[in-house]
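Participant: I'd like to go over a predicted model; first the sequence, then the structure.
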Amino acid sequence: MTSFRIQICWLILVAGLFHISQPRPARAVEHVMANIDGRELELSGKVLIEDSVGSMLLETDEGAMWPIEARMIRSRTSDSEPLVSLDKKQLAQRLLKEMGPGFQSHESKHYVVVFNTTRTYAKWCSSLLERLQRAFIAYWSKRGCEVRAPTAPLAVLVFSDKASYLHHAKKELGEGAGNAIGYYSFGTNRIVMYDLTGVQQLRRENSRRGTKHDITALLSQPEAEPLVATIVHEATHQISFNCGLQKRFSFPPIWLSEGMAVYFETPDLSGSRSWGGIGKVNYSRWDRYRGRVRAGQEIRLKSLLVNDNLFREPRTALDAYAAAWAWNYFLIKWHPEEYTSYLKELAEKPLLVVDDKATKLADFRKHFGKDLGALEDDFYRRMSRIK
């Protein structure tokens, strides 16, 4: 979750460098040689948007999106061939080549899991993600959203331990990598994590981690709840940005994206599948928010809507996530039609345009009413009944 904040912050800075007043979408596949972060990269893909000076947002055949400033480009050519997404076998081959010796691949209906832990754990992960994806798409389809299962496979990297995970993650997240056990990469479109059954706090004398039963036993402990929640949270981001509900690089409000992921993340450690469905009360988030309300220190709605820094600052981040869960829960449960129409409008936002505070506030009021005070009164009245 911390990683998502880091990535959004960086991408907003990148977006500010684009001269987006004159976008012109390209019609051919571009082959670009660019110097990005000191590395010479050869990238091929579809230009989603290009500005008047040649800066572009390039989507590759594996679903990665690269914001490339004109000054980074060393050379570029184009052809008339359409961009074709990699299939599961092609994606697995590319990831295995990238990750190197010791890694294997497992393919499920919608996912390619590349791993250097046990195959049983890789299968457990893909099973969890497939259940989540089915439930997520069914949930929003019933609410009138135009969502569909991704047509291209989604990539998941699973490392055997935290050390190897951090070695990989620091290349993308820097020192912030140590704050999460997994993340969804906004740019590469991958989920990256490590094997939770090796986490020391879950280990018990004579405990095992090899079979599906062993995995279930380890991840049914109370200590596993935030770990499993994190995996579901990051997978929710990936599904949301690949099924049509949200659009990458259009910068939806952080309170909405993070609150929705928290809404879906609630684990079910009493069952055999670690995640039990959608819409349950996330008590760890709700208890924190309720505690801040009782202390008169809650984050008010207007601040939540316009102040993204609440999610970036360590001092306020936990409270911001709790508030985001509470407000998403309230709006989804008691204002579902307005919430759906709000999502649809946000999904139509142009790429690489960062809304200012006034626009964020106006968008919200358009769907939920101008009187935020009245909405807050309704929020406290209804949420006070949660037991």
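Facilitator: Yep, that arrived.

Participant: Quick check: phi and psi at the closest residue to residue 65 other than its chain neighbours.
Facilitator: Excluding the flanking residues, the one nearest residue 65 by CB to CB, 6 or more residues apart in numbering is residue 59, at 5.2 Å. (Glycine included, C-beta is placed from N, CA and C.) Main-chain torsions, residue 59, degrees, to the nearest 10: phi -110, psi 130.

Participant: same check, this time on the one 5 residues further on
Facilitator: Here is the backbone geometry of residue 64 (degrees, to the nearest 10): phi -70, psi 150.

Participant: Could you check the pLDDT of it?
Facilitator: At residue 64, the model reports a pLDDT of 95.

Participant: Same check on residue 271?
Facilitator: Note for residue 271: predicted pLDDT of 53.

Participant: cool, and the one 10 residues further on?
Facilitator: In this model, residue 281 is scored at 88, pLDDT.

Participant: picking up where we left off before, for the residue nearest to residue 65, give its distance to residue 351.
Facilitator: Relative to residue 351, residue 59 is positioned 10 Å away (CB to CB, to the nearest Å).

Participant: where do the contact lists of the two overlap?
Facilitator: residue 48 (CB atoms under 8 Å, 6 or more residues apart in numbering).

Participant: all strands of the stretch 201-350 of the chain, in order?
Facilitator: 267-268, 274-275 (DSSP state E, counting those that start in this stretch).

Participant: residues touching the residue nearest to residue 65, list them.
Facilitator: For residue 59, the contacting residues are 45-48, 65-66, 83, by CB under 8 Å, 6+ apart.

Participant: beta partners for it?
Facilitator: Applying DSSP bridges to residue 59 gives these bridge partners: residue 46, residue 65.

Participant: quick one, helices of this protein?
Facilitator: With DSSP state H, the ranges of helices along the chain come out as 2-15, 88-99, 119-142, 162-173, 212-218, 225-240, 254-265, 283-294, 301-306, 309-312, 314-334, 336-347, 357-368, 372-383.

Participant: and of these, who's closest to residue 180?
Facilitator: Shortest distance between residue 180 and the helices of the chain, using CB to CB, is found for helix 2-15: 5.1 Å.

Participant: Quick one: mean pLDDT over the closest one.
Facilitator: 50.

Participant: Same question for stretch 76-93.
Facilitator: Taken as a whole, stretch 76-93 has a mean pLDDT of 93.

Participant: How far off centre is that stretch?
Facilitator: Centroid separation between stretch 76-93 and its chain, computed with CA atoms, centre = their mean, to the nearest Å, is 24 Å.

Participant: now stretch 115-124
Facilitator: So, by CA atoms, centre = their mean, the centroid of stretch 115-124 is 22 Å from its chain's centroid.

Participant: in terms of contact, does residue 126 touch residue 105 like I think?
Facilitator: No: between residue 126 and residue 105 no contact is recorded; they are 10.7 Å apart, counting by CB atoms under 8 Å.
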